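> Provided below for reference: sequence and predicted model.
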Amino acid sequence: MEYEAVIGLETHVQLKTLSKMWCGCANEFGASPNSNVCPVCLGFPGVLPVANEQALRLTVLTGLLLNCSIPSRAKFDRKNYFYPDSAKNYQVTQYDQPSTREGWIDFESGGRLETVRITRAHLEEDVGKNVHFERCSGVDFNRAGVPLLEIVSEPEICSADMACDYLNALTDILVRGGISDCDMEKGMVRCDVNVSVRPKGSKALGAKIEIKNMNTFSGVRRALDYEIPRQIAAVQRGERLAQETRRWDDIGGITESMRSKEDAHDYRYFPEPDLMPFEPSDSWLAQVRAQVVELPLARKRRFMEQFQLPPSDAQALTDDDAAGNYFQRIVAGHRSPKTIANWVINNLKGKLAESGFSFGELQFPEVGIPQLVDLVEAGKISTTMAQEVFLEMFRTGELPGGIVERRGLSQVSDAGAIEALCRQVIEANPKSADDFRAGRGAALNFLKGQVMKLSKGKANPGVVGDVLERLLNG
Amino acid sequence: MIHRLRLAELIDKLSRRECSAREAMAACLLQMDRVDSQVHAFLSVDRDNAMAQADAADRALASGVTHREKPLLGVPIALKDVLCHQGQPLNCSSKILGTFRSPYDATVVAKLKEAGATVFGRLNMDEFAMGSSTENSAFFTTLNPWDTSRIPGGSSGGCAASVAANECFASLGSDTGGSIRQPAALCGCVGMKPTYGRVSRYGLVAFASSLDQIGPFTKDVRDGAILLQAISGYDRRDSTSMREPVPEYTASLTGNLRGLKIGLAKEFMVGGLDPEVDAAVKRAVRHLESLGAEIVEVSLPHSDYAVATYYIIATAEASANLARFDGIRYGARVEGSDPFQLNSRTRGSGFGAEVKRRIILGTYVLSSGYYDAYYLRAQKVRTLIRQDFLKAFESVDAIVSPTTPTAAFKVGEKSGDPLQMYLSDIFTISCNLAGNCGISLPCGFTSSPKLPIGLQVLGKPFGEETMLRIAHAYEQSTPWHREVAPLG
């Protein structure tokens, strides 16, 4: 019998806010231990939480970007459990009335367009970090109280590849929306993976196995690559898998049991009495709605349709948001978007990378590249010359028209002028002329090169070829 | 005899420069030296800190600062050991906080300081405000200044006893189910629980967050109005504090009750009431009528469920609120082989029996499989109780009742029977569940021994003005508030 995996992901993402969820401490990575702390995020006696409005905004924004509905009332709850990294020994989270619910995410996976439904994206708080020394342990509470978004997918992912594609698409959206930097190295994204297996075609779900606290996407992939065959092998041996929580051992490359269903925590959720329910007003929601940005996949598809770009170009302009934005601005109304895309992707991005400048720091005005394309298309300069003009424009900020005129780079297309140059070259190279006439076509290229050299590169190469052929054959 | 002055009288004397803030503070400390070895109201006092504040107040007075600018300038006010005072010990009368000192001021403490008060002392209480007698303090039991064989009530027993014994001009306590009004009644002073959201809870160590409210203990109603004025108002640090404007409370003390309707809840006039308490309250009601109020019977049909509802909601919230006392970041610690053992050992030795009982109860009612039957149902009953009050307040301006079923009981009399102890809050608990305001003031004494009896006036949500007006009119036309405890 063939088996298939059923995977659901719970992704935790640190929100990009200036301050923490309940207090004014900086939400900042890398500060020295316990330097961004105060009585509130240390859970001192008597303190109260005050919700960070920007975090609430980013949560609702995430919901909008993930096609979720935004309930008119959300509330916070306490999730009770003891652990040394928890300052209050309960985590404030949204249990049964989250800020967003029931959305979906579209993404490309294995060359296909996939849709995975989002159960909910809710707001909670991060915990501190346990640090173990030789003879004792410490807790760094800098991270405690950092706003954390938990995005829960429906169990609609069916492979490790698809899980990674989902995660990449999700983090792309969050980065694009300004919701999180999603920097894995800084632990900004963490993931719990729920995976079960079932006979292919079956509708029933198998026993849910949760793999806790994965902090890299490659870890997710490797854990699934281990866990799915493990479960299938167990089922094939006739074992009954039971619901449990497992831990991923990144060094050993295996998952191992942490606790069974019987040992599962009873979190004793109840409404957080220190916070009022959150009921966003229409004007507040409108403000958040105004922050909605175009999603990467939607942009890619639009670039392909609107500008007839090949998928690779559209992808390149989607992956690099700034390049895509720049392209959009300069391409408006131009008849050759593909050529403009080429300039942005192949030339401009390279020069920016080389110089360390950003799109905002460009010396030349936004008409620069369209004007350059126009000059080439009008036959005023050759594509080779255009490269040189581009570099000068990039360096000085001067527009292509001005550069061409000032340096007299205008391409000579006048057949009369070119014919004079051609005659001169044929006269000076009788051997090559004879070779051509004898049927050695390569000789024409040599003669063309000589004409171009004589014209200092300004002659239109197409016209030169035509004239040389006519003269030699005539 | 400065220590016997009322707060308003002291303010008059200070502003007329007839006494100094230093003299006022010294008078309190002297009275403490005289009587606290019998009353045991204070856990500790930082005398140097208190005198330094008093001196600063005197300098301010000398430089021309008036009581119009700083209404409490130079007035010594003491704190229940559950309110954070920067740099001072904070124990909640528990062993678990060890040598902890608060690194910050509660909003009410900051407001008192802003108003110029000399904030001093740590007043004894039932551990984490759980109890009705101060017998649950991990340190010692406070005794009633009227009869030191008896309890002062609780949980804010130290607050009530210190005011009754004239060791301070006023104190701030907290009321979760009656913890201000019940000890005020038993010690013969005025204790007020403001409307939930009227006073910021920031810096009050939480027992039950949705029920807790800070309020004043004073020698009379006017003093209570003055203190309420100083501590009320929205605080951005407390999301449950309300943006309701703060009226001029003393302006409502007109002495006139004409046109007011006062409700008597038939459910509060039940058996189990001490006959002397019953008689005193009935006399008080007739007196209110003679002052011009119309007495109307009202019904609070769900009152019978208030105690049960309270002990589910309060303990559920407490079970989470007290989880932070784990020995990891602050307070006492008992080491263990891992964090889990450290946590359970620390809590096992740090908490007293009543606190443990309530944490276990609260944990139980929130547990998977029991939540709907207990916590959720209690929340629904709480809504019904709140609706009872709102409905009653449609026809009356306030409701009066006894504050407690009996006068102060003997030390040890109920400490072995938690349920009997819980029932001493039977008249005060609904007010916390409903979230409205309440005040207790003296309305007589038992004959032998002579023990104070309290009258409770319950006001509408944010109806403190009318509540104070009724309490003040009654008080000023009766002699009870002028009585001084033998140890006072």
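All right, it came through fine. Everything quoted here is computed from the prediction, not taken from an experiment. Numbers count the residues shown, from 1 in each chain, chains lettered A, B, ... in the order given.
> Can you tell me which helices and strands the worst-scoring helix or strand of chain B on mean pLDDT packs against?
Lowest mean confidence among the helices and strands of chain B (mean pLDDT, DSSP states H and E): helix B:418-423, at a mean of 75. Other elements packing on helix B:418-423 under the criterion 3 or more C-beta pairs under 8 Å, 6 or more residues apart in numbering or on different chains; DSSP states H and E are helix B:306-321. The C-beta positions use only the backbone N, C-alpha and C, and glycine is treated the same way.
> what about the helix it packs on, near chain A?
Yes: for helix B:306-321, a contact with chain A is found by C-beta under 8 Å from any C-beta of the partner chain, at B:316-317, B:319-320.
> In that helix, which residues are buried?
Of all the residues in helix B:306-321, those buried under the rule 16 or more other C-beta atoms under 10 Å in any protein chain shown are B:306-307, B:309-321.
> now do stretch A:6-19
Neighbour counts over stretch A:6-19 (16+ other C-beta under 10 Å) mark A:6-17, A:19 as buried.
> Next: stretch A:145-163.
By 16+ other C-beta under 10 Å, the buried positions in stretch A:145-163 come out as A:145-153, A:155-160, A:162-163.
> Which of the residues you listed fall in helices?
Those of the buried residues of stretch A:145-163 mapping onto helices are A:160, A:162-163, per DSSP state H.
> What are the boundaries of the strands in the stretch 201-350 of chain B?
With DSSP state E, counting those that start in this stretch, the ranges of strands along the stretch 201-350 of chain B come out as B:213-218, B:261-265, B:294-298.
> go on, chain A?
Secondary structure of chain A, counting by DSSP state E: strands at A:3-14, A:77-80, A:90-93, A:100-109, A:112-125, A:129-132, A:137-140, A:147-153, A:189-199, A:209-214, A:244-249, A:254-260, A:270-271.
> mind listing the helices in the stretch 301-450 of chain B by residue range?
Taking DSSP state H, counting those that start in this stretch as the criterion, the stretch 301-450 of chain B carries its helices at B:306-321, B:339-350, B:353-366, B:377-395, B:418-423, B:429-434.
> So which residues make contact with the fourth one?
Helix B:377-395 is touched from outside by B:261, B:263, B:265, B:296, B:298-303, B:305-306, B:308-309, B:312-313, B:316, B:365, B:399, B:430, B:433-436, B:458, B:460, B:463, with contacts defined as C-beta atoms under 8 Å, 6 or more residues apart in numbering or on different chains.
> Can you flag the buried ones in those?
For those, a burial check counting by 16+ other C-beta under 10 Å picks out B:263, B:265, B:298, B:300, B:302-303, B:305-306, B:309, B:312-313, B:316, B:365, B:399, B:430, B:433-436, B:458, B:460, B:463.
> For the stretch 351-474 of chain A, which residue gets nearest to chain B?
For the stretch 351-474 of chain A and chain B, the shortest gap (C-beta to the nearest C-beta) falls at residue A:360, measuring 36.7 Å.
> residue contacts, the closest residue in space to that residue that isn't next to it in sequence?
Spatial nearest neighbour of residue A:360, excluding adjacent residues (C-beta to C-beta, 6 or more residues apart in numbering or on different chains): residue A:322 at 8.0 Å. Taking C-beta under 8 Å, 6+ apart, we find residue A:322 in contact with A:358-360.
> buried subset of those?
Using 16+ other C-beta under 10 Å as the burial test, these include residue A:359 as buried.
> how about stretch B:64-79, does it reach chain A?
No: Stretch B:64-79 stays clear of chain A (C-beta under 8 Å from any C-beta), getting no nearer than 11.9 Å.
> distance between the ends of that stretch?
One end of stretch B:64-79 sits 28 Å from the other (C-alpha to C-alpha, to the nearest Å).
> tell me the domain ranges of chain A?
Domain assignment for chain A, taken from automatic domain parsing, gives A:3-289, A:415-473.
> The residue of the stretch 51-200 of chain A found nearest chain B: neighbouring residues, count only.
The nearest approach of the stretch 51-200 of chain A to chain B comes at residue A:89, 3.6 Å away (C-beta to the nearest C-beta). Counted with other C-beta atoms under 10 Å in any protein chain shown, residues neighbouring residue A:89 total 21.
> Quick check: phi and psi on it?
When read as degrees, to the nearest 10, the backbone of residue A:89 gives phi 60, psi 20.
> Tell me the pLDDT of it.
In this prediction, residue A:89 carries a pLDDT score of 97.
> what sits against it?
Residue A:89 is in contact with A:43, A:80-83, B:320, B:323-324, B:326, counting by C-beta under 8 Å, 6+ apart.
> Try it again at 10 Å.
By C-beta atoms under 10 Å, 6 or more residues apart in numbering or on different chains, the residues touching residue A:89 are A:43, A:78, A:80-83, B:320-326, B:328, B:343.
> Buried ones among those residues?
Looking at the contacts of residue A:89 with 16+ other C-beta under 10 Å, the buried ones turn out to be A:43, A:78, A:80, A:82-83, B:320-326, B:328, B:343.
> Tabulate the residues you listed in JSON lines, adding columns for pLDDT and distance to residue B:12.
Listed next are the buried ones among the contacts of residue A:89 as JSON lines, based on pLDDT from 0 to 100; distance: C-beta to C-beta, whole Å:
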{"residue": "A:43", "pLDDT": "96", "distance to residue B:12": "44"}
{"residue": "A:78", "pLDDT": "97", "distance to residue B:12": "48"}
{"residue": "A:80", "pLDDT": "96", "distance to residue B:12": "52"}
{"residue": "A:82", "pLDDT": "95", "distance to residue B:12": "54"}
{"residue": "A:83", "pLDDT": "95", "distance to residue B:12": "56"}
{"residue": "B:320", "pLDDT": "97", "distance to residue B:12": "46"}
{"residue": "B:321", "pLDDT": "98", "distance to residue B:12": "41"}
{"residue": "B:322", "pLDDT": "98", "distance to residue B:12": "43"}
{"residue": "B:323", "pLDDT": "98", "distance to residue B:12": "47"}
{"residue": "B:324", "pLDDT": "97", "distance to residue B:12": "44"}
{"residue": "B:325", "pLDDT": "98", "distance to residue B:12": "44"}
{"residue": "B:326", "pLDDT": "96", "distance to residue B:12": "49"}
{"residue": "B:328", "pLDDT": "94", "distance to residue B:12": "50"}
{"residue": "B:343", "pLDDT": "96", "distance to residue B:12": "53"}
